[in-house]
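>>> Structure, please.
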Amino acid sequence: MTLSGFFLLCFAMGFLLSLITFALGSFRLHLPHRLGATGAGHAMANTGGHAHVAHVHASAHGVHAARGGARVSSKSASSVSPVNFMTITAFLAWFGGIGYLVTRYYPATAALAVAVASGGGIFGASIVFVFLAKVLLPHESQLDPADYEMVGTLATVSAAIREGGTGEIQFSKGGARRSSSARSEDGRPLEKGSEVVVERYESGIAYVRRFDEMLG
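Predicted coordinates:
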């Protein structure tokens with residue numbers, strides 16, 4: 001294989017792998033925004049499903065309630081290595097492309113061609129790294145699973161819970177208002193508008209107790 005043929009092979013491999021990586025990255029970064037509601041719905045169905053609005057901790061000294069929103073952690077430039085699959089494929093594409101042009105159209109020794117191609121590859125990989133670290137990753141977030149625990153959630157009764165019956169509660173999770181079927185933990189009725197805390201969550205039903213009672 002000639003040197004120009006080697007450069008052309010590197011370019012073809014790097015370009016093809018870059019296209020595949022970009023396509024998969026776009027699929028992973030953008031589809032969750034459309035499917036997120038479905039995915040979150042399954043997670044909420046399995047876990048009681050919602051970021052902490054209140055955590056209630058009972059002790060011999062009383063009850064403490066704390067409210068907090070869903071915690072979201074974002075990836076940044078500090079969390080991505082300059083040497084990764086995307087930068088490697090970019091290096092191959094630029095290395096091969098520039099090396100092929102140098103050997104094809106300019107009289108140059110093999111050492112000079114490799115040196116120029118390597119510089120071009122590093123330049124191309126640097127562009128991809130900056131784009132990855134400054135544009136793509138800062139918008140990619142991860143939800144903390146601990147924020148999707150139903151027990152301890154502060155809610156409001158939206159449909160009165162009759163004695164021994166089932167009603168409905170509303171609460172905030174992940175920046176959105178949500179609702180769930182609910183029953184009174186002690187079987188006593190709860191009127192609409194009552195502020196309650198979820199003590200357990202089973203089979204899609206939240207078992208709640210008055211918030212003021214838990215405060216003693």
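>>> can we go C-alpha only for contacts and neighbour counts from here?
Noted.
>>> What residue spans form the domains of the protein?
By the assignment in automatic domain parsing, the chain contains the domains 3-48+72-143, 150-214.
>>> Any chance of JSON lines for those domains, columns mean neighbour count?
JSON lines is the format used below for the domains of the chain (neighbours: other C-alpha atoms under 10 Å):
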{"stretch": "domain 3-48+72-143", "mean neighbour count": "17"}
{"stretch": "domain 150-214", "mean neighbour count": "19"}
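>>> Lowest average pLDDT across these?
Across these, the stretch with the lowest average pLDDT is domain 3-48+72-143; it has a mean of 73.
>>> can you pull out the strands in this protein?
With DSSP state E, the ranges of strands along the chain come out as 55-59, 62-66, 72-74, 141-143, 154-159, 166-173, 176-184, 195-202, 205-210.
>>> got the contact list for the last one?
In this structure, residues lying in contact with strand 205-210 by C-alpha atoms under 8 Å, 6 or more residues apart in numbering are 48, 180-186, 194-201.
>>> any chance you could map the helices in this structure?
Secondary structure of the chain (DSSP state H): helices at 3-47, 85-105, 110-131, 211-214.
>>> just so I know, which of the ones you listed lies nearest Glu163?
The closest of these to Glu163 is helix 211-214. By C-alpha to C-alpha, the value is 17.1 Å.
>>> Show me what that closest one is packed against.
strand 195-202 (3 or more C-alpha pairs under 8 Å, 6 or more residues apart in numbering; DSSP states H and E).
>>> what about stretch 164-183, start to end distance?
The separation between the terminal residues of stretch 164-183, taken as C-alpha to C-alpha, to the nearest Å, is 7 Å.
>>> swap in stretch 149-159?
Its start and end residues considered, stretch 149-159 measures 22 Å (C-alpha to C-alpha).
>>> Adding distance to Glu149 as columns, could you present the helices of the chain in a markdown table?
Conversion of the helices of the chain to a markdown table gives the following (distance: least, C-alpha to C-alpha, whole Å):
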| stretch | distance to Glu149 |
| --- | --- |
| helix 3-47 | 6 |
| helix 85-105 | 35 |
| helix 110-131 | 35 |
| helix 211-214 | 18 |
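>>> Nearest approach to Ala176 belongs to which of those helices?
Each of the helices of the chain has some distance to Ala176 by C-alpha to C-alpha; the shortest is helix 3-47, at 11.2 Å.
>>> And Gly193, how far from Ile127?
Applying C-alpha to C-alpha, the value for Gly193 to Ile127 is 56 Å.
>>> Contact partners for Tyr99?
No Tyr there; residue 99 is Gly. Residues in contact with Gly99 (C-alpha under 8 Å, 6+ apart) are 4, 7-8, 113-114, 116-117.
>>> What of Ala110?
If a contact means C-alpha under 8 Å, 6+ apart, then Ala110 has Leu3 as its contacts.
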